[in-house]
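K.L.:
got a predicted structure plus its sequence, pasted below:
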Amino acid sequence: MKKELPEIRELNGIPTLYVDGKPFFALGGELHNSSVSSNDYMDKNVWPNLLGLNMNTVVAPVYWEMLEKEEGVFDFSIVEHLLKRAREYDMHVVILWFGLWKNSESNYIPGWMKRDRERYYVVRKDTGEPLNIISALCEEAVEKDAYAFSQLMKYLREEDGDESTVIAMQIENEIGILGSARDYGKRANELFEAAVPADMAQRFNVSGTWKEAFGADAEEYFMAYHYASAIEKITAAGREEYPIPCYANVWLRQFPWYAGSYPSGGPVREVHDIWKLKAPSLFTIGPDIYVAYAPFVMDEYHYEGNPLFIPEIRKDASSASYCLYAFGQHNALCFSPFGIEDLKADKESMPGPDPSVLAELNIDPAAFDTTGTDIYLSQAYGFMNDIMPLYLQYRGTDHFKCYLKKAETERGEYFRFEKFDLLVSYFRPQPHKPAPAGFIFELAPDRFLICGMMSRIKFFAKEGGGKKAGFINIEEGSFVNGQWTPGRIMNGDERMDVSFGGDIRCFMAELGEY
Ligand code: DGJ
């Protein structure tokens, strides 16, 4: 029976990913770059490591160089294997299209393209030095990529259209120019010195050349315009074959802040207006978050017109807390730490990532410290699965709140509900433990469900009524298939200190006044 295709629909006004006609929240993990290139490697080192993490989605690259080794001849065997195993392991897949650009560079283009630099020309710096990046202005290269991507989408329509194993596609990976604010090749120079295109002139109410119109930002805006245009061509060609949700991801603008220190022209928040104008086939821009201030990035990248889809995030123990924040605060569609196969890998035999590589990628080494993550992340994913019916019912209402210690200086949060208030105090940070985080459901004015980590809660009656808040009953428990299943009743000493450690816990509290 033909299923409904994955798509983004509004549910209670919130953009939501629907799979098989039902809301779906991707509790994911992204694989290391090279894993999918060997079916054997996947079978030995990846699939078994994903068991027990409570994931429902694997975020996995496929490589243009392997799919079209010979020009015009396609081989989808790695995709076939990926789909087969994903179904066996009961997982959905987000496919990353490693085509023309991956982390700015063009390492995944087929050999026949690499060998013909005349035709498929690269970016030049202002010094004339070539960079290993196919120019976004090289129309022939973009057309070849669009064709290859459309063939992949056609394959997916034929092989997966009835199954919806694949739920979304990422177009390229962290694109933009690393090492220069813009392309200084011949064609790029001509266009940069010409008048800004009419759509830009109209959208931003400017005139003249790029420099005249945009001053110090001209180089980056120019690249954003041309990258977004190229991505639109590729995405539209693919969606014509198989219209499932497509997005682009971004290497964040971060220290040292200047365009070219992060990929210039890539979809950083500052150039979203240009990206939204030129690449309307993308449903969102997803941030890759390795910085220490991860929650603030979520705050920045989730806005109306840009639902939060996180294809890559840190994989330290705090990822469990960030998961709650992504879904609880920002109605995320996908949450996915990077290099997920490492979480259950034998740590003794696995050397940590080389610091020089992380420096090159501008990644905080702490982001890759996986101590404890398998336990806490699988708990967070298990919790999300269990709480899903309630989450869907309460998400976006005033009766649902999420908390997270976002910065060193934050000590807690005070929530005002209809009849009672609630103070959440955060525990001090502890190495290899999640950050304080949790969900609060006001099920009735005097009934609360609180689920959290690394925090303590205390209820208050409203001031002015001359009364105090007290528990009629407080019990711990958990959700099993969406049903509250009580554990201990905590009306003794335990009621005086209702707190959560590193392991996520839930309390059901019925309150009264005296
Ligand atoms: C971000 C990229 O998008 C990933 O493919 C990977 O390179 C990670 N950085 C870090 O290894």
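P.N.:
Cool, the structure landed.

K.L.:
which parts of the stretch 101-250 of the chain sit against the ligand?
P.N.:
103, 173-174 (CB under 6 Å from any ligand atom). C-beta here means a position set from N, CA and C on the backbone, and glycine is covered the same way.

K.L.:
what do you get if the cut-off is 5 Å, keeping everything else the same?
P.N.:
Within the stretch 101-250 of the chain, the positions near the ligand by CB under 5 Å from any ligand atom are E174.

K.L.:
nearest spatial neighbour of S321, skipping sequence neighbours?
P.N.:
A437 (3.6 Å; CB to CB, 6 or more residues apart in numbering).

K.L.:
quickly list what the one you found is bridged to.
P.N.:
Listed beta-bridge partners, A437: L404, M453 (assigned using DSSP bridges).

K.L.:
what about it, how many neighbours?
P.N.:
30 (other CB atoms under 10 Å).

K.L.:
one more: H432?
P.N.:
For H432, using other CB under 10 Å, the count is 15.

K.L.:
do A248 as well
P.N.:
A248 has 25 neighbours, counted by other CB under 10 Å.

K.L.:
over to it. Which of the three states is it?
P.N.:
strand (DSSP: H, G, I helix; E, B strand; the rest coil).

K.L.:
same check, this time on M388
P.N.:
Put simply, M388 is helix when judged by three-state DSSP.

K.L.:
so what's E360 scoring on pLDDT?
P.N.:
Listed pLDDT for E360 reads 82.

K.L.:
so what pLDDT did the residue in the chain that the ligand sits nearest to get?
P.N.:
Per CB to the nearest ligand atom, E174 is where the chain lies closest to the ligand, at 4.5 Å. At E174, the predicted lDDT confidence score is 98.

K.L.:
from E241, how far off is the residue lying closest to it once chain neighbours are set aside?
P.N.:
Residue nearest to E174 in three dimensions, not counting chain neighbours: W251, with 4.0 Å by CB to CB, 6+ apart. Per CB to CB, to the nearest Å, W251 is found 28 Å from E241.

K.L.:
looking at those two, which is more packed in?
P.N.:
Just comparing W251 and E241: by other CB under 10 Å the higher neighbour count belongs to W251, 23 against 17.

K.L.:
which ones are touching the more buried one?
P.N.:
Contacts for W251 were tallied using CB atoms under 8 Å, 6 or more residues apart in numbering; they are 103-104, 174, 176, 262-263, 266, 268, 288, 362.

K.L.:
mind listing what A317 touches?
P.N.:
Residues in contact with A317 (CB under 8 Å, 6+ apart) are 371-373, 376, 432-434, 502.

K.L.:
neighbour-wise, which of those residues leads?
P.N.:
P434 (34 neighbours).

K.L.:
quick one: contacts for it?
P.N.:
Contacts of P434 by CB under 8 Å, 6+ apart are 317-318, 320-321, 376, 380, 453-454, 502.

K.L.:
just curious, which of those is nearest to Y184?
P.N.:
S318 (41.0 Å; CB to CB).

K.L.:
mind checking how far R124 is from R87?
P.N.:
Distance from R124 to R87, counting by CB to CB: 46 Å.

K.L.:
more neighbours, the two?
P.N.:
R124 (20 against 14).

K.L.:
that one reaches R187, doesn't it?
P.N.:
No: look at R124 against R187 with CB atoms under 8 Å: they stay out of range, at 10.2 Å.

K.L.:
which helix or which strand is home to the residue lying closest to E70 once chain neighbours are set aside?
P.N.:
Excluding the flanking residues, the one nearest E70 by CB to CB, 6+ apart is W112, at 7.2 Å. Here W112 sits within helix 111-114, counting by DSSP states H and E.

K.L.:
and the helix or strand just after that helix, average pLDDT?
P.N.:
Per DSSP H and E, the first helix or strand lying C-terminal to helix 111-114 is strand 122-124. Confidence for strand 122-124, expressed as mean pLDDT, is 98.

K.L.:
which residues are contacting stretch 412-428?
P.N.:
399, 401, 403, 405, 410-411, 436, 438, 440, 442, 445-446, 448, 450, 452, 454-462, 469, 499, 511.

K.L.:
now with 7 Å?
P.N.:
Stretch 412-428 has contacts (CB atoms under 7 Å, 6 or more residues apart in numbering) with 401, 403, 405, 410-411, 436, 438, 440, 442, 445-446, 454-462, 469, 511.

K.L.:
which residues are in contact with G382?
P.N.:
N54.

K.L.:
where do the strands sit along the stretch 301-450 of the chain?
P.N.:
Per DSSP state E, counting those that start in this stretch, the stretch 301-450 of the chain carries strands over the ranges 309-313, 334-337, 400-404, 412-416, 420-426, 437-444, 447-453.

K.L.:
so can I have a markdown table of these showing distance to the ligand and mean pLDDT?
P.N.:
Output for the strands of the stretch 301-450 of the chain, formatted as a markdown table (distance: least, CB to the nearest ligand atom, whole Å; pLDDT from 0 to 100):
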| stretch | distance to the ligand | mean pLDDT |
| --- | --- | --- |
| strand 309-313 | 6 | 98 |
| strand 334-337 | 11 | 98 |
| strand 400-404 | 23 | 98 |
| strand 412-416 | 32 | 98 |
| strand 420-426 | 29 | 98 |
| strand 437-444 | 24 | 98 |
| strand 447-453 | 26 | 97 |
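
K.L.:
the closest residue to F459 other than its chain neighbours: what's it in contact with?
P.N.:
Nearest residue to F459, sequence neighbours excluded (CB to CB, 6+ apart): A469, at 4.3 Å. Shown in contact with A469 (CB under 7 Å, 6+ apart): 420, 459-461, 511, 513.

K.L.:
and A469, bridged to which residues?
P.N.:
E513.

K.L.:
lowest average confidence, helix or strand, in this protein?
P.N.:
Least confident element among the helices and strands of the chain, by mean pLDDT, DSSP states H and E: helix 355-360 (a mean of 84).
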